[in-house]
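Undergrad: okay, sequence plus prediction incoming.
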Amino acid sequence: MVLRLAKLAARLIATVIAAGLLGGMLVRFAPAYGVSEAELDPRFSREVRALGAAQPSIWEFYGEYARGLLKGDLGVSQSLQRPIAVLLRERLPVSLRSLGWGSAAGIGAGLGLAMLVITFRWPGIGALPAMASTVLLSIPSAALALLFLVVGWPPWLALAALMFPRVYRYGLAVLRKSAAAPHVTAARARGVSGWRILTAHIVPVAGPQLWAVAGMAISIGFPALVPIEAVSDSPGIMQLALNAALARDLPLLVVLTTVAAAVILLGNAGADLSAASEGHIE
Amino acid sequence: MTARIAASWCAGSVLCILLGVGVCAPWIAPRPYASQDRENPQVRPSREYLLGTDELGRDRFSRLIYGTRVSLLLAPAAALMSVAIAAIVGGAAALSGRWVRRGLIAVTDLLLALPTILILLTVRAMLPLNVSAWTSIVITSTLLGALNWPAAARVVRAGTESVIHAGFVLQARAAGVSDFRIYIRQLFPNLRPVLTAQFWILVPAFILTEANLSLLGLGVSEPMPSWGNMLRELENYSAIPERPWVLAPLAVLMIAILCLYTVLPQREET
């Protein structure tokens, strides 16, 4: 188990480093890297790009970045002229708070409703959540954030609304599978109450897969914060990432891509571990 | 079951109508999408302008029709590209030797770990600002297709591995048929349902991603309309209660996505 965890951790770290490098490479080799927004004259752009060629290569940049990282220095943002560590310290809690509240509300609503649908098998009980989940799935996250802004609701609620349909559908499928087991049918035939069946027979069997929802929610929710924070002007790191992309700020983008990849990977690893603990995956 | 089939047919018909409207946009739209009536900006819906005009005096209804064409053609093109890459990478990962297989799986995992929307925004923001509208469509579509194949590749790899030990594949191998030929002639026909399902899953996802990108100003460039960049009018959200017709692109987008989700389960089962 320890060896397996160590292997997983090593793979995660390697992937995070590679993700940061890949993100940096995409930025560094993009056609307009080093071109100012004001310089739309192609001849001028060529000159500026020629100057840009004198800038350190991605490998030099990444080597310097890695050396700084070992000393606890994340570098300085080119566009904001502030240390990236300070920017992260200021903005990461905002994003994590949104992610926490949004995930809790989205997972709570999704799994709660899925459990209600499974427990009370009244005809038509699942129609409203199913309809709500389908409608929410069909709205772009940025538009959803905008609509929530119009009614004055916080950004994390938009994230919850974005997560709800995915969690509800997945949770319902997992619970339905558990509810179809022969021992559940036998318990129902003996007149055991719906809540008792849910808590004693359905949830314990589906538990690890339901835990995996939390990991899944993080890997879905964190990237979705980009349009949500941008539209609702929430000062989190994803809004910072969009601003960094627009300002073509390579050092900041590399750090933010690495942080985002780390969060997503941790979410995926959590989901994998939950599923693996029950032998669903190797 | 009958109701579901009926709903699926209904949704399919709506999608066909939307696609038809999009393809025939130049003949159906009352005005060109870029034509401006400077005398009449932000007018209310009327017989002349069915959905009113935007702040530049452009007919919103005509732009919605042209936008339908862009959004409904861009997403399937990108999905086709993603599925093609997934078929190549997933197939190669399943058929190759240990190291190539491990390498391809590592690349797939790496791309799955990247926040795609952030990479899309970054790369799109890095492109020259004076790209033409058509170039922006091609770039957006290519980026969507090139960055979103890993999940589909995983499914294709699993699908390939599930049939790789079937009798007919072993017989083909015993007869000395190359891996490439086995993949194309024996495995690919068996993977077609998997690839079709992946295609139909990716289309609505790409429509939504394009809408998000365009809403943030990094999707399809003006003056070419798409559902996403028409939604930018919603940024002036205080005016929505006075001008609810600006929600028309969102309504059409939602109808298209709902129809795609209704058609999707039927496709997945076949």
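TA: Sure thing, it's come through.

Undergrad: now for the residue nearest to residue B:233 when sequence neighbours are not counted, how many residues are close by?
TA: Distances taken as C-beta to C-beta, 6 or more residues apart in numbering or on different chains put residue B:246 closest to residue B:233, at 4.6 Å, once the chain neighbours are dropped. In this view, the C-beta of every residue, glycine as well, is placed from N, C-alpha and C. By other C-beta atoms under 10 Å in any protein chain shown, the residues close to residue B:246 number 22.

Undergrad: contact residues of the stretch 101-250 of chain A facing chain B?
TA: A:134-135, A:137-143, A:146, A:149-150, A:222-224, A:226-227, A:230-231, A:238, A:241-242, A:245-246, A:248 (C-beta under 8 Å from any C-beta of the partner chain).

Undergrad: low-scoring stretches of the chain, by residue?
TA: Reading this off chain A. Applying pLDDT under 70 to chain A picks out residues A:1, A:24, A:26-58, A:274-282.

Undergrad: that was the other one, I meant chain B.
TA: Ranges of chain B meeting pLDDT under 70: B:1, B:128-129, B:265-270.

Undergrad: which stretches of it form strands?
TA: In chain B, no strands are defined using DSSP state E.

Undergrad: ok, now how distant is the closest residue to residue B:45 other than its chain neighbours from residue B:215?
TA: Nearest non-adjacent residue to residue B:45, counting by C-beta to C-beta, 6+ apart: residue B:52, 4.8 Å away. Computed as C-beta to C-beta, to the nearest Å, the residue B:52 to residue B:215 distance reads 20 Å.

Undergrad: next: residue A:97.
TA: 24 Å.

Undergrad: thought residue B:75 was touching residue B:210?
TA: Yes. Assessed by C-beta atoms under 8 Å, residue B:75 is found in contact with residue B:210 at 6.5 Å.

Undergrad: look at these two and report which has more neighbours.
TA: residue B:210 (28 against 25).

Undergrad: what about residue A:3, how many neighbours?
TA: Residue A:3, neighbours per other C-beta under 10 Å, totals 7.

Undergrad: check residue A:270 too.
TA: Neighbour number of residue A:270 under other C-beta under 10 Å is 18.

Undergrad: mind listing what it touches?
TA: Residue A:270 is in contact with A:212, A:214-215, A:218, counting by C-beta atoms under 8 Å, 6 or more residues apart in numbering or on different chains.

Undergrad: just send these back as TSV, with secondary structure too.
TA: As requested, these are exported to TSV (DSSP: H, G, I helix; E, B strand; the rest coil):
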residue	secondary structure
A:212	helix
A:214	helix
A:215	helix
A:218	helix
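
Undergrad: who wins for neighbours among those?
TA: residue A:212 (25 neighbours).

Undergrad: wait, doesn't it sit right on residue A:267?
TA: No. Contact between residue A:212 and residue A:267 fails when scored by C-beta under 8 Å: they sit 9.9 Å apart.

Undergrad: how near is residue A:198 to chain B?
TA: Going from residue A:198 to chain B by C-beta to the nearest C-beta, to the nearest Å gives 26 Å.

Undergrad: contacts only, for the nearest residue to that residue once chain neighbours are set aside.
TA: Of all residues not flanking residue A:198 in the chain, residue A:119 sits nearest, at 4.8 Å (C-beta to C-beta, 6+ apart). Residue A:119 makes contacts with A:194-195, A:197-198, as judged by C-beta under 8 Å, 6+ apart.
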